[in-house]
Every structure is written in structure tokens, then in C-alpha cells.
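Participant: Structural data only, the sequence is not supplied:
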């Protein structure tokens with residue numbers, strides 16, 4: 001028994017959630033609308049199961065999905081025209097040597113596409129008057145450790161002065177990658193009894 005599906009979708013909007021900080025800066029109103037961070041354009045799924053002798057079943061799934069979008073961001077603190085402190089968020093990056101700023105739209109970059117393979121084997125048997133089964137599942141069969149980038153935070157070079165040291169300390173510019181990796185291969189054992 002086999003089944004396959006393909007999903008095409010496109011998600012655009014002003015914010016990923018009602019708690020989003022997008023829109024807190026009125027000077028960036030024209031850059032709010034963009035691809036949402038859960039926009040996964042293409043997803044192909046295939047699943048199959050084989051019924052084997054002696055009440056064994058072997059099945060698996062294969063999924064290919066296009067990458068999710070992410071942004072280059074710069075966080076900074078600034079004062080408005082009457083002196084109140086404001087936390088600002090800009091989409092873009094600081095070029096080499098920390099001079100200038102290149103502005104981008106939100107979520108203009110994409111993570112690479114990923115594959116995911118899972119499998120399951122099940123054995124059915126009878127215990128007295130009850131039907132029972134035991135199974136073993138393996139998630140992420142190929143043990144891939146795909147990295148999903150959520151955003152890249154660009155930090156400018158800064159100069160710090162300390163009380164006991166008249167020489168300024170220069171902290172170089174850097175890019176902080178914020179994301180998560182797949183947890184790798186996982187196993188699950190289960191037992192089921194139907195009365």
C-alpha cells in the first residue's frame with residue numbers, strides 16, 4: 001500500500017504572530033510585509049506499508065521539503081525625537097569593516113531543502129482474548145543533522161572604555177547565527193493491547 005502527496009503553498013503577511021515585534025518601529029512600515037518565516041513552498045511526502053507473513057508489517061515515510069526563509073537583522077537601541085529610548089529592529093546587514101548598512105526586506109534568504117526518512121515495523125499477536133501488537137519506530141533514519149537558520153544577527157564593531165584602563169577596547173563586528181539542528185536519529189518502542 002502506497003500513498004504520495006505534494007503541497008504547494010505561499011505565506012505572505014505583516015507578522016508571524018500577534019506578539020511579533022515587527023511594526024514597533026514606525027519608520028520601517030514599508031518593510032513589514034514579506035514572506036512569513038513558516039513559508040514552505042514545496043513539500044513532497046511518500047509513505048508505504050507492506051503486510052508480511054506471520055502478522056508483520058513494515059512501513060516508512062519519505063519527505064522532501066523546501067527550506068524555510070530567514071532574515072539578516074540588526075538590533076539597536078536609539079532615542080526618539082523627544083529623548084525616549086526605543087529598541088529598533090532593522091532588516092539587513094553591516095558590510096565588511098562595519099561601515100554603512102545594507103537594507104533588505106524581511107525573510108529574503110532561504111535555508112536549503114531537507115530530506116527526512118522514517119520507518120516502522122509492527123508485529124501483531126494474540127494474548128488470550130485480546131489482540132496485541134508491538135512496534136519499533138526509527139525517526140530520521142539517515143541521522144541527518146540539518147541546520148535551520150532562524151535569523152542572522154549582525155553586530156557592529158564597538159569601542160569600550162574601562163575606568164582603570166585609558167586604552168579603548170575594540171570589540172570587532174560579528175554575525176550571530178540563531179537556529180536549531182535536527183536532533184538526529186531517534187527510536188521509539190511501543191506496545192498496544194485491544195480488549
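Facilitator: The structure has been received and is ready for your questions. Small disclaimer: the values here were computed from a predicted structure and weren't measured. Numbering: from 1, shown residues only.
Participant: Contacts made by stretch 72-84 with the rest, please.
Facilitator: With Cβ atoms under 8 Å, 6 or more residues apart in numbering as the contact definition, stretch 72-84 has outside contacts at 85-94, 101, 104, 109, 151-156. C-beta here means a position set from N, CA and C on the backbone, and glycine is covered the same way.
Participant: Among these, which lie within strands?
Facilitator: Secondary structure of the contacts of stretch 72-84 is defined by DSSP state E; positions in strands are 85-93, 109, 151-155.
Participant: Now restrict these to buried residues only.
Facilitator: Burial by neighbour count, 16 or more other Cβ atoms under 10 Å: within these this picks out 89-93, 151-155.
Participant: Would you mind putting those residues into CSV with distance to residue 58 and pLDDT alongside?
Facilitator: Compiled in CSV, these are given as follows (distance: Cβ to Cβ, whole Å; pLDDT from 0 to 100):
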residue, distance to residue 58, pLDDT
89, 50, 77
90, 52, 79
91, 48, 82
92, 50, 82
93, 49, 79
151, 41, 86
152, 42, 87
153, 45, 87
154, 49, 81
155, 51, 76
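Participant: need those in CSV with distance to residue 191, can you?
Facilitator: As requested, these are arranged in CSV below (distance: Cβ to Cβ, whole Å):
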residue, distance to residue 191
89, 50
90, 54
91, 51
92, 54
93, 52
151, 42
152, 45
153, 46
154, 51
155, 51
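Participant: Tell me the one of those nearest residue 9?
Facilitator: Distance to residue 9 across these (Cβ to Cβ) is lowest for residue 151, with 21.3 Å.
Participant: On the strand side of things, show who the closest one bridges to.
Facilitator: Beta bridges link residue 151 to residue 71, residue 178, judged by DSSP bridges.
Participant: Quick one: residues contacting it.
Facilitator: With contact taken as Cβ under 8 Å, 6+ apart, residue 151 is in contact with 70-73, 178.
Participant: Which PyMOL command selects the buried ones in those?
Facilitator: The buried residues among the contacts of residue 151 can be selected in PyMOL (16+ other Cβ under 10 Å) with this line:
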select buried, resi 70+71+72+73
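Participant: follow-up on the earlier one: quick check: the farthest pair among the ones in strands among the contacts of stretch 72-84?
Facilitator: Between any two of those, the greatest separation by Cβ to Cβ is 30.0 Å, found for 85 and 109.
Participant: For this protein, which residue occupies the most central location?
Facilitator: For the chain, the residue lying nearest the average C-alpha position, counting by Cα atoms, centre = their mean, turns out to be residue 148 (4.4 Å).
Participant: who does the top strand by length along the chain pair up with?
Facilitator: When secondary structure is assigned using DSSP E, the longest strand within the chain turns out to be strand 114-127. For strand 114-127, the paired strands and their directions (DSSP bridges) are strand 56-65 (antiparallel), strand 130-139 (antiparallel).
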